[in-house]
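Asks: no FASTA, just this:
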């Protein structure tokens, strides 16, 4: 152990359940916000100035909230719960009305991935009803853009990442599957661009930096694996593999890129409490650009 | 001067031309040749005569003829014979004539009176006085139209004042006479017609006027009687046509005024000097004299030096040559003259101001204020040199303690600053210039004052300091927004700050400050929202008057209000950091500056509204930034965690010991920074002197006050800052030094008020998340933050059970920390646990306990009822049979004994998570705490054991709610408790007894057997063993441990027996052990304790103890009610009194009402 864990700047208390997911919203000049989804189905909107929950949204009839994200352009919050629903919440004017909802049909815990494509439109990727199925819909119209099913048996979709490459072609999608393989989809072509088996066990989570085209995934066998995407859109293992200590079987510790120069740092700490997220959040806030590309993705945490 | 008083159309009397001779009307005979123009018909004459002999009626005589006839005899008589009685007769008659008539007869009446005065030779004072009074009456009610008469009367009256030998000196006459003459003169001037009164000021009158004035001045200065002094001054004022009495006066035209001014210019030096001497004279002369003198000075100067007069073109006119010698007296008010005079006046003014500005009587100060305002108003140009002085006088009154003066001053200042601020409105360009200089003068004054401030603060006395500071404050207020210009000068700012640092130095020599101890942790929550502030008076080295402090704070606030807050905070923060010598003062100044910047307690000056418009308004954001800056400095570890305890208390020493490296403590893995440890150890070096400690204490108090100030300044906007500020304040509220904890508590109250919370409880509950965050964080770094448990304790003390869910995991942290290092953290956490348990007891009051008590009470009360002997005997026989024949009772006992065991085992088996989850939070916490207590009960540290016993007692109280939980816990802690009861320090024994009693109240059955088996034998044997020793012991014995132990056991035993409801055999054991202590040879406290044991025992089993006691000593004989019954024989009967008799008798009397009846 090289250095002691730094003290958290602040511990957010008072949510009576474990957190599954976090999302920072530090855009604009308003108060920075942190959204959290708890295992008891509550979405907390934390005001990071007062460090208190401004609002609590009970949206998924008590079932665990596994993913939250905010659409800053439309002041909308999207949440995904284990009740197989994705809900859109109108946050403007202090209200928290349910604007819309759609049923995913997926019983798994694959988190959605969101990509803003226009001023008001965006794409949402999520696991579908069938085992390997991936669905992409356009919001807010809810029209199904495509449904992606690989030919081979790969098991459940575990995690997805949707992004718009700088090369100008259509949006790409990275998806991790239950058997440990990683697939790169081209959405416009509805075809697989590349495929790599990065883990022997299910890919529990992945994160991908769209600028340096480098990503990390974690599997349930306590291994972190790093890979890159070359110019031909081929997935290649980068050689980093780290073992890491999960807090529990299902728990995936979050990790953050700290920019290209610093390389990669991962935080794996048994005691990582939500407060430490705040600590990192400082980094996020100081560099607004980091805020977009290097969001802490996944902080399951026992509260 | 009152031409309207009498209708002047009736000119009734022809004055005789030979004023000095006899009046023609007063011939020897009845005046046939009376030259009345008034036509008299013959019949009126007759009537007149009849009226004359008639006694005076109530109605005033209004007919001149009748009046004449009425008054004539008296007048004639007076001329013939100048006696007091005759004057009095005339005087009395005069009062019956009405004013108009009096006017007609004025000259006729005045003649005999003047005649009396003019008769050469010495006269009696009384006579002269009566005459003058009669003249007063006439003059007071009539007018004088003739210059001749005016002048004559003037000189005649003055002659009465001066001594016959030397006209320049006042006569050696009685005080009353002088008063009467001065009154007469006053009346004369008031009676004179407007057109003739100004003849006084013609050049040829100068000698006469001068003589009069000098006489008046002498009187005013030398006379012993205050009344005469005042009267002389008042007349002097009237003589300059500026009387301020309530009667009508001539209003001089500007030419006339100029004439008066010209005349008085000659006398200005004399008047001003003499009057200034009076003003600066003896303080004992009475404020009336001083006030009048100031008034005269001000009026005279303003008359002569009036800008308007001096600017008019007629100046410089040469005196006419025909005046001869008189010409030398005339002063020409030329430019040079004005310049010279103003210089001289300046000197006088300085004297006057310095002697009266801090005068004790507020009316004097008010008068000075009027003077300054008046002169500034009328002659600010001619008195150019004096303007600064006058302003100083004006400004010095801004903070006067007398509201009237203060108000007046504000009005005056408003006027002055208006004149200052609106030069545009003035047409005259010269005026614009003057007002420009007005501002310049102000800032110049401020500059020079700032320069000399440090010296003045060092050297002058309290009163002078007060004045200087008041002046300083006044300038600040007058300059308003322009103050920031002055502050921009680094030199001046430095001077000012130096002076403030110097004068605000605290006296920290008081030893009591350090020694006063509160029980920080046990500060009980005050229930209501009312909270009386603790008053901590600061003692300063350089002054004692509290008022000075208030002025100083107001100066700081004004700085904050008008100045640049960032500049000021930066400066004083620098000072704060620079040296510990300045730290307290700088903090005080900072507090006030912030308050001032928020506009709190800044006296709204007139120009506030206008003035503030010129400054960039301070936004809440800026203020907040400044506050954060200062607070950060306050809360920094170097300035917040100061040593305040010299002789480390036991607890502190332990705390510190356990926090010494290399033992690294924390809930998780601690990584204490060795550097920080170093500073910590340094700070606690025992070299700190009382002064240093006091200084530290005061610094903390001031900083705590500061936090309250900031909260006030920001109001609701302070709420976000609670995140960082509430924890440190609470930390200090748990401090042991009384002064600090009180200051912190006050600060908390202020904060909660400022942020809109109704009580401390609300403040803490609403912000518990902020507090708990810091607490949990600091608990993990306990070595660096040893105060964290204390904060938690304070929090618990002031909160309620709504806190419980949030606190829960913190408590878990604490317990975990305890588990990790029992040896080191125990005593630190024990106080937290104690606070926690106390809070729990308060939040969840027991219910079951009280019902049990009341049941027991009922039982005893039924026992006392008159009982049926037959029934009793039957019951007794059945009991006996049961005891002998059927062994039910023994079975019962067995049965009784098994269940607790069973319960325990069952609970042990079922200690799965589901059972625990059902427990309410407070009970599960209590259980956890009690678990730890078991281990700590046998700690080697006595203090800790005592504390743990206290905690244990509270745990038992809380847990008594649920017997299922309590019994197993009791079982577990029993062995340790037994040790405390039987083989420990007496203090521990005593507390252990208390725990045992609490336990026995809630689970008596469960404990009965254990107590009788394990505890009673040991205790009683030790008591029996010690009894003979203590009987023989001398007075020193009471200081031994053995004695204390005996006492502790005896004190606890009674209540224990009672609450456990012990069986007979056990009671016998106890009784056996205690009986020796009833001996009067025992130390008295042991006897008392033993009596208390018996009191309790008798409650349990009255009968058997009645018997026991009576067997020891029986004072009375019992005769059986029926001869068949055998006589009662008690072994104590007929015994001689011995060592036990006294106490036995006491018991019998108190408990059974039995007294010796031999």
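Replies: Thanks, I have it. The structure displayed is predicted, hence computed values, not measured ones.
Asks: pretty sure residue B:568 belongs to a strand, no?
Replies: No: under the criterion used here (DSSP: H, G, I helix; E, B strand; the rest coil), residue B:568 is helix, not part of a strand.
Asks: grab the nearest non-local neighbour of it.
Replies: residue B:593 (5.2 Å; CB to CB, 6 or more residues apart in numbering or on different chains). For glycine as for every other residue, the C-beta is placed from the backbone atoms N, C-alpha and C.
Asks: that neighbour: neighbouring residues, count only.
Replies: For residue B:593, the neighbour count with other CB atoms under 10 Å in any protein chain shown is 27.
Asks: for it, give its distance to residue B:216.
Replies: 54 Å (CB to CB, to the nearest Å).
Asks: quick one on the thing from earlier: tell me which element the residue nearest to residue B:568 is part of?
Replies: In the assignment (DSSP states H and E), residue B:593 maps to helix B:580-597.
Asks: wait, residue B:226 sits on residue B:288?
Replies: Yes: between residue B:226 and residue B:288 there is a contact at 6.3 Å, judged by CB atoms under 8 Å.
Asks: and residue 186, how many neighbours?
Replies: You didn't say which chain, so I picked chain A. Neighbours of residue A:186 (other CB under 10 Å): 18.
Asks: wait, I meant chain B there
Replies: 23.
Asks: isn't it up against residue B:236?
Replies: No: between residue B:186 and residue B:236 there is no contact under CB under 8 Å: 10.3 Å.
Asks: before we move on, the earlier item: and the gap between the residue nearest to residue B:568 and chain A?
Replies: Going from residue B:593 to chain A by CB to the nearest CB, to the nearest Å gives 27 Å.
Asks: list the buried residues of the helix or strand where residue A:53 lies.
Replies: Using DSSP H and E, residue A:53 sits in strand A:52-58. Going by neighbour count (16 or more other CB atoms under 10 Å in any protein chain shown), the buried part of strand A:52-58 is A:52, A:53, A:55, A:57.
Asks: against chain B, how distant is the second one?
Replies: Residue A:53 sits 10 Å away from chain B, taking CB to the nearest CB as the criterion.
Asks: what sits opposite the closest residue to that residue other than its chain neighbours in the beta ladder?
Replies: Nearest non-adjacent residue to residue A:53, counting by CB to CB, 6+ apart: residue A:44, 4.6 Å away. Using DSSP bridges, the bridge partners assigned to residue A:44 are residue A:36, residue A:56.
Asks: neighbours of residue A:44, how many?
Replies: 24.
Asks: check residue A:118 too.
Replies: Using other CB under 10 Å: residue A:118 sits among 9 other residues.
Asks: what does the one 3 residues further on give?
Replies: Burial of residue A:121 is recorded as 14 neighbouring residues (other CB under 10 Å).
Asks: contacting residues for it?
Replies: Shown in contact with residue A:121 (CB atoms under 8 Å, 6 or more residues apart in numbering or on different chains): A:138, A:139, A:140, A:141.
Asks: how about TSV for the residues you listed, with distance to chain B added?
Replies: Below are the contacts of residue A:121 laid out as TSV (distance: CB to the nearest CB, whole Å):
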residue	distance to chain B
A:138	41
A:139	35
A:140	36
A:141	41
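Asks: what about the residues you listed, which are in strands?
Replies: A:138, A:139 (DSSP state E).
Asks: of the contacts of residue A:121, grab the buried ones for ChimeraX.
Replies: Those of these that count as buried under 16+ other CB under 10 Å are selected in ChimeraX with:
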select /A:139
